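What follows is a predicted structure for the sequence shown.
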Amino acid sequence: MDCPICRNEPMIVLELNEIEIDYCLNCEGIWLDTGELELLLESNEETQNLLNSLTTNIQTKEKSHKCPICNKKMKKVSFSKDQEIIIDKCISNHGIWLDKDELRDILNLGRSDKNNKLLELLNDMLGKE
């Protein structure tokens, strides 16, 4: 699969907690197929509140990108809690695109023990501190 940001730049597949994620070595963005974010996040009330906070964001200056699967323009959506994280979501429900560090930010918002272990694994995989 090619990166929707870098175009024609193939992404590599990494396994994070038994879930395959597509990662761009160039821009460090991550593609998650539909349902993979929910699998990465622990199912608890705080996580459910976070997922329920996902709303369409029509007032952003961020450039829209095309889905790497269907090539249709994705819509901007945001998680709103302590901070706002704007991500791209395929309108045909193929998945979501996370720019550099946005998965880390979302896992931080979840704040469960499982998410902390995922953050450590993600940091180890990507060579981050």
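Yes, it's here. What you are looking at is a predicted structure, and each value in this text was computed from that prediction instead of being measured.

need the contact list for Met1.
The neighbourhood of Met1, defined by CB atoms under 8 Å, 6 or more residues apart in numbering, consists of Pro10, Met11, Asp22, Trp31, Pro68, Ile69. For every residue, glycine as well, the C-beta is placed using N, CA and C.

Report pLDDT for the closest residue to the first one other than its chain neighbours.
The spatially closest residue to Pro10, leaving aside those adjacent along the chain, is Asp2, at 5.8 Å (CB to CB, 6 or more residues apart in numbering). At Asp2, the predicted lDDT confidence score is 95.

Show the contacting residues for Asp2.
The neighbourhood of Asp2, defined by CB under 8 Å, 6+ apart, consists of Asn8, Glu9, Pro10, Met11, Pro68.

Include pLDDT when you put these into TSV, please.
TSV is the format used below for these (pLDDT from 0 to 100):
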residue	pLDDT
Asn8	84
Glu9	90
Pro10	95
Met11	96
Pro68	95
